[in-house]
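A.B. asks: no FASTA, just this:
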Ligand SMILES: Nc1ncnc2c1ncn2[C@@H]1O[C@H](COP(=O)(O)OP(=O)(O)OP(=O)(O)O)[C@@H](O)[C@H]1O
Ligand SMILES: O=P(O)(O)OC[C@H]1O[C@H](OP(=O)(O)OP(=O)(O)O)[C@H](O)[C@@H]1O
Ligand SMILES: [Mg+2]
């Protein structure tokens, strides 16, 4: 049975459960459940604090886990990413009151509050900056106002939390994060159960990113049309009863679907339809 760590709270937990559900796995019914077994799929899910997941996975007691790249790196645990999942995207940045700091060099001798002490300490060491780091559990934006720190280092997504606290980012982003599937560093990459799990999640990612497009076009326009919709391998082209016409079917990126439909229409394609993909194995 494959043993998988899943975030039990916070920004990662809802989207992770949703993705696992879309991949056909049973998920817990109520938020207090700590562990469930999905016998049909031969997996067991452990609902753990997002921060602890890399540590469990690195211990080898759990095979894989879902966590954020920032949490993985911050933990210092001996685990590595094997599949980025495209949700909980964020950057990790320094921020301070406007005008107090222009770059990381200005942090020399200052105090920085953060919930990600590992990332910040490592980054400051790499930059050769001697500064103090204060660990806080959350809501670090308030630390400056209350005089606990001169600057903060925190997760930034929309920037709303910083704006609300009257703070401004400075310096280059320290890292970009998103949700990941992780495993113990150097664990068997070919393990069939792990591979099957990854294929299912990849199927969800593809189903979310692509739509299926169908259209009819004149044979003379086929080359131009196929250049607009090359598909993943190559589009399916079938004859139509009307001579001189073909039906074409190809996967296209969902974000580009409307533009592609306009371009196909402009070269004479008709009956252009898109349909959602619910699941797939490439
Ligand atoms: N507003 C956000 N937008 C996108 N990702 C976020 C956001 N806040 C946190 N994350 C990501 O979520 C992960 C942190 O999860 P965690 O549950 O520890 O914190 P949280 O989502 O802030 O929840 P809480 O602080 O309420 O416990 C990190 O990978 C982080 O990058
Ligand atoms: O740039 P934004 O879109 O505002 O998102 C970033 C904020 O979201 C998270 O805070 P959360 O609400 O989880 O509170 P926390 O600080 O207690 O973790 C994170 O710690 C930032 O404060
Ligand atoms: Mg938080």
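C.D. replies: It's in. Just so you know, these numbers come straight off a predicted model, no measurement behind them. Ligands and ions are numbered 1, 2, ... in the order given.

A.B. asks: Ignoring the adjacent residues along the chain, who's closest to residue 224?
C.D. replies: Nearest residue to residue 224, sequence neighbours excluded (Cβ to Cβ, 6 or more residues apart in numbering): residue 267, at 5.1 Å. (C-beta placed from N, C-alpha, C; glycine too.)

A.B. asks: what number of residues lie near that neighbour?
C.D. replies: Look at residue 267: counted by other Cβ atoms under 10 Å, it has 15 neighbours.

A.B. asks: what do you get for residue 140?
C.D. replies: Residue 140 has 25 neighbours, counted by other Cβ under 10 Å.

A.B. asks: Next, work out how far apart it and residue 151 are.
C.D. replies: Going from residue 140 to residue 151 by Cβ to Cβ, to the nearest Å gives 10 Å.

A.B. asks: quick one: common contacting residues for these two?
C.D. replies: Here residue 140 and residue 151 have residue 113 as joint contacts, going by Cβ atoms under 8 Å, 6 or more residues apart in numbering.

A.B. asks: which residues does residue 73 contact?
C.D. replies: Neighbour list for residue 73: 118-119, 122, 175 [criterion: Cβ under 8 Å, 6+ apart].

A.B. asks: how about 6 Å then?
C.D. replies: Applying Cβ atoms under 6 Å, 6 or more residues apart in numbering to residue 73 gives the contacts residue 119.

A.B. asks: what does the protein put close to ligand 2?
C.D. replies: Neighbours of ligand 2 within the chain, by Cβ under 6 Å from any ligand atom: 138-139, 154-161.

A.B. asks: and the residues you listed, which are buried?
C.D. replies: Among those, those classed as buried by 16 or more other Cβ atoms under 10 Å are 154-156, 161.

A.B. asks: Let's see which of these end up in strands.
C.D. replies: 154-156 (DSSP state E).

A.B. asks: ends of stretch 132-152, how far apart?
C.D. replies: Stretch 132-152 has an end-to-end distance of 11 Å (criterion: Cα to Cα, to the nearest Å).

A.B. asks: is ligand 1 contacted by that stretch?
C.D. replies: Yes: contact between stretch 132-152 and ligand 1, assessed by Cβ under 6 Å from any ligand atom, occurs at residue 138.

A.B. asks: Check stretch 30-41 too.
C.D. replies: No: Stretch 30-41 lies out of reach of ligand 1 by Cβ under 6 Å from any ligand atom, never closer than 13.0 Å.

A.B. asks: One more: stretch 98-116?
C.D. replies: No: applying Cβ under 6 Å from any ligand atom, one finds stretch 98-116 separated from ligand 1 by no less than 7.6 Å.

A.B. asks: quick one: buried residues of that stretch?
C.D. replies: Within stretch 98-116, judged by 16+ other Cβ under 10 Å, the buried ones are 100-101, 104, 106-107, 110-116.

A.B. asks: what do you get for stretch 214-223?
C.D. replies: The neighbour-count check on stretch 214-223 (16+ other Cβ under 10 Å) flags 214-218, 221-222 as buried.

A.B. asks: Closest one to residue 31 out of the residues you listed, please.
C.D. replies: Nearest to residue 31 among the buried residues of stretch 214-223 is residue 214, at 41.5 Å by Cβ to Cβ.

A.B. asks: Indicate the residue of the stretch 51-200 of the chain located nearest to ligand 2.
C.D. replies: The stretch 51-200 of the chain approaches ligand 2 most closely through residue 138 (2.5 Å), counting by Cβ to the nearest ligand atom.

A.B. asks: pLDDT score assigned to that residue?
C.D. replies: Note for residue 138: predicted pLDDT of 94.

A.B. asks: hey, what's residue 35 bridged with?
C.D. replies: Judged by DSSP bridges, the bridge partners of residue 35 are residue 46.

A.B. asks: same deal with residue 83?
C.D. replies: Those that pair with residue 83 in a beta bridge, by DSSP bridges, are residue 181.

A.B. asks: Please apply the same query to residue 252.
C.D. replies: Here residue 252, judged by DSSP bridges, has bridge partners residue 211.

A.B. asks: Residue 205: neighbour count?
C.D. replies: Residue 205: 18 surrounding residues under other Cβ under 10 Å.

A.B. asks: Can you tell me the SS state at it?
C.D. replies: The three-state label given to residue 205 by DSSP: H, G, I helix; E, B strand; the rest coil is helix.

A.B. asks: quick one: which helix or strand includes residue 86?
C.D. replies: Under DSSP states H and E, no helix or strand contains residue 86.
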